[in-house]
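Undergrad: generate a structure from the sequence data that follows.
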Amino acid sequence: MKTMRLQIFALLILVFALLSTDRAWAQAPLEPAQMPARTMFYVIWRGTPAGDARKSNSLLALWDDPDLAPLRAAALQNMQSNSAKDPSKPQLSREEIEQTSSLLENSFVLGYLRKPETKSAAAKSADHPWNGMFFVYDRTGKEVLLAKTILRFRSQEKEPPQISTITVAGAPALKIARKNDITYWTERGKYAVGSADLTVFEEILARLDAKSSSSSLAQTAAYQEAEPLLHGGVLEFFLRVPQLRDFAPDAPANSPVKIEPVLNALKLESIHSLSGHLTLEGARARVQGAMLGDVAPGTLFDLWTPGQQTPASLAFVSPDVISYSETQFNFSAFYDLLKRAIRVSLPQQQQGGAEMIEGLAATRIGMPVPDALALFSGEFASIQNNPAMDPQKAVYYVGIRNKPDTLKLLRTIFSDQMGAERNEGDATFVKVSLGGGQSSTGIAQWNFYHLAVTPTFLVASSRSETLREFLAKRPSTDAPAQASFPPALQSARAQFPAALSGLAFVNLQKIDYQAMKTRWIEQAKKASAAPARKGSADAPQPPPGEAEWLLNIDPQVFVRHLHFLAGASWKDSKGIHFDEWLE
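TA: Numbering: from 1, shown residues only. This is a model prediction of the structure:
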């Protein structure tokens, strides 16, 4: 899990670097006030930040550091690892990749329009499935490079498309027909415009030409509700969640299960939008957003709790913490929503099936399902105090309300996969096999996971020693939770609301990057040397260039530029909000 998180982190470094050069910000080709009211979602990249942002921002400074060259080279090489499997496709040189990626320096808009409700507009698209995607790109200074890139991609298609010239809105455009789809493309002034549907293509061109008098997205209630989250920053995104029902597959005519009643039962309309923006604030790269809507009881917002000021797991955060993440869910609400969806999905004559499923589940776990869910507080956390980020040193926390019944539930669920119990103080230690029953033979040690159950929580780790070390540092019940916070976490916590539904922190300065590098190299060697498992494909190999950049990179490059990652989520009368930054 930690390895995956750090790989995503490395990808973020790449994205930020590709989207950032030393030039002024550009205006978006289409602002929300210009988009049609039936715009379902959009992503706007507003162009590259000003020159000072590159010098002061931690991520961009890291990317420009000469010591990161091995990672930059490996990242660019991996960009075409998939096409490398096809020898018929010419491979791009590193210079060509960097040149092509510079297209991302300019502003663009990617969006989607719902199918029009008027018969005349819908009739134009009747010969193929609806696809409302559109793309508008500011090609200023990139005209030649854009043309070369498009020609290169077309030349690599196995079946070259049929290209013809048509007239749209009084100007020439290209119709690019492939076996399963059609794309329309034109250049309008400084903009390049593409779409997969003719009606969408015509409407976007009319918006660019300011010839459309119909209502805009900015006039809709969903956008106006989210508008405070959409100003400023280098990137913004907006999604009208209720319209996701457009993508629900149509059930066969003879199918007893219908999708529409399920979506109605879940009250999808209660979530109006998901929106947010990305900003570069000096050394920080910050993402802020929210899922807004009607938080009345009985909606999907019930899945999140109102939050707490000091969740129980926070007491385990010490000055030595490397990473900590915590979140809280309402299990009872999840179960109620699930039952409601199952009931409405079944025909009237099969309504008893839901009760039968619930009864079978209760028999399997030895207690009614609501009682089993009520054993858990809904709080989950992961805590890592090991500077090398060793997964065997990570501890996972689950809040509980009743130790005896929780142990009873674990014994019932895992049955012969659960080993003997050992009591040490108020904690009961057990191990659970992930690879088979305890009576089976040939189960390797790495197939076991260790649990420690206390009166108020259970913790899990891949090693029992890790659990004992963790519990030995358990704070006293009267110790203030925030007294042992690292200063950076204290500062971050002070910027969030009092009650939080989730909190995350990574102290990037305390990571032992050299030890982590050594462990990754060993893992890469093992993956390369591992024989194929019987009945499976060849053993997975590390990505091209991974071992090389791991061997050549100086881990101190990360220490020089990165300090910490902090983030939180919370629920209020408007919805669920999130705020996260990297510095």
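Undergrad: the closest residue to residue 236 other than its chain neighbours: how many residues sit nearby?
TA: Spatially, and ignoring its direct neighbours in sequence, residue 236 is nearest to residue 277 (4.2 Å; C-beta to C-beta, 6 or more residues apart in numbering). C-betas here are computed from N, CA, C, even on glycine. Other residues within reach of residue 277 by the criterion other C-beta atoms under 10 Å amount to 20.
Undergrad: now swap in the one 5 residues further on and tell me
TA: Other residues within reach of residue 282 by the criterion other C-beta under 10 Å amount to 12.
Undergrad: ditto for residue 374
TA: Counted with other C-beta under 10 Å, the neighbours of residue 374 add up to 17.
Undergrad: for the residue lying farthest from the centre of the chain, grab phi and psi.
TA: Here the centre of the chain is the reference, and by C-alpha atoms, centre = their mean the most remote residue is residue 170, at 42.2 Å. Note on residue 170: backbone dihedrals following degrees, to the nearest 10 are phi 80, psi 10.
Undergrad: who touches the nearest residue to residue 393 once chain neighbours are set aside in this structure?
TA: Spatially, and ignoring its direct neighbours in sequence, residue 393 is nearest to residue 386 (3.5 Å; C-beta to C-beta, 6+ apart). Contacts of residue 386 were listed using C-beta atoms under 8 Å, 6 or more residues apart in numbering, and they are 322, 393, 394.
Undergrad: cool, residue 110 as well?
TA: Taking C-beta under 8 Å, 6+ apart as the test, what residue 110 contacts is 42, 43, 133, 134, 135.
Undergrad: can you do 6 Å?
TA: Counting by C-beta atoms under 6 Å, 6 or more residues apart in numbering, residue 110 makes contact with 43, 135.
Undergrad: pretty sure residue 333 is touching residue 302, no?
TA: Yes - Residue 333 lies in contact with residue 302 (C-beta atoms under 6 Å); the separation is 3.6 Å.
Undergrad: sorry, back to before: ok, and for the host helix or strand of the residue nearest to residue 236, which residues are buried?
TA: Here residue 277 is covered by strand 271-281, with elements defined by DSSP states H and E. Across strand 271-281, burial judged by 16 or more other C-beta atoms under 10 Å covers 271, 272, 273, 274, 275, 276, 277, 278, 279, 280.
Undergrad: kindly report the same for stretch 508-516.
TA: So for stretch 508-516, counting by 16+ other C-beta under 10 Å, buried means 508, 510, 511, 512, 513, 516.
Undergrad: export those residues to JSON lines and tack on distance to residue 471, secondary structure and pLDDT?
TA: Converted to JSON lines, the buried residues of stretch 508-516 look like this (distance: C-beta to C-beta, whole Å; DSSP: H, G, I helix; E, B strand; the rest coil; pLDDT from 0 to 100):
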{"residue": "508", "distance to residue 471": "27", "secondary structure": "coil", "pLDDT": "91"}
{"residue": "510", "distance to residue 471": "22", "secondary structure": "coil", "pLDDT": "92"}
{"residue": "511", "distance to residue 471": "24", "secondary structure": "coil", "pLDDT": "92"}
{"residue": "512", "distance to residue 471": "24", "secondary structure": "coil", "pLDDT": "92"}
{"residue": "513", "distance to residue 471": "29", "secondary structure": "helix", "pLDDT": "89"}
{"residue": "516", "distance to residue 471": "25", "secondary structure": "helix", "pLDDT": "88"}
